[in-house]
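A.B. asks: My questions concern the predicted model and sequence given below.
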Amino acid sequence: MANIIKKGNCRLHNPFRGIITVSDKGQIVIPQDLREELEIKKGDKLIVLKRKDGEGFSCLKENVMGKTFNRLAED
């Protein structure tokens, strides 16, 4: 019984978070558990980056990139 895994613990190391369907307007919904984990709230802005292989994209929270840009500007 000492090796009981807490619910959701495996998600910390697993990047797969579900499947997103694109609406007829091109909109997508970020799964609720991922929004909560990443603290993405209504009105937050995400930076979208296309993958080099053209097979998908990644999203980053704007405030995270803003901090990176500020550090680069200081160097």
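C.D. replies: Received, thanks. Numbering: from 1, shown residues only.

A.B. asks: drop to CA atoms for contacts and neighbour counts, all remaining ones
C.D. replies: Will do.

A.B. asks: and the most centrally placed residue in the chain, helix, strand or coil?
C.D. replies: Nearest to the mean C-alpha position of the chain, by Cα atoms, centre = their mean, lies C59 at 5.7 Å. Following DSSP: H, G, I helix; E, B strand; the rest coil, C59 is assigned to strand.

A.B. asks: R35 now?
C.D. replies: helix.

A.B. asks: before we move on, what SS does the nearest residue to it once chain neighbours are set aside have?
C.D. replies: Once flanking residues are discounted, R35 sits nearest to K41: 7.1 Å by Cα to Cα, 6 or more residues apart in numbering. Recorded secondary structure, K41: coil (three-state DSSP).

A.B. asks: hey, C-alpha coordinates of the worst-scoring helix or strand of the chain on mean pLDDT in PDB?
C.D. replies: Every helix and strand of the chain was ranked by mean pLDDT, DSSP states H and E. The lowest is helix 62-74, at a mean of 79. Only the C-alpha atoms of helix 62-74 are listed here, as PDB (Å, rounded to 0.1, in the frame of the first residue of the first chain):
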ATOM      1  CA  GLU A  62       2.500  35.800 -23.000                       C
ATOM      2  CA  ASN A  63       3.800  36.900 -19.600                       C
ATOM      3  CA  VAL A  64       6.400  34.100 -19.600                       C
ATOM      4  CA  MET A  65       7.800  35.300 -23.000                       C
ATOM      5  CA  GLY A  66       7.600  38.900 -21.800                       C
ATOM      6  CA  LYS A  67       9.900  38.000 -18.900                       C
ATOM      7  CA  THR A  68      12.300  36.300 -21.400                       C
ATOM      8  CA  PHE A  69      12.300  39.300 -23.700                       C
ATOM      9  CA  ASN A  70      13.000  41.600 -20.800                       C
ATOM     10  CA  ARG A  71      16.000  39.400 -19.700                       C
ATOM     11  CA  LEU A  72      17.300  39.400 -23.300                       C
ATOM     12  CA  ALA A  73      17.100  43.200 -23.500                       C
ATOM     13  CA  GLU A  74      19.100  43.600 -20.200                       C
END
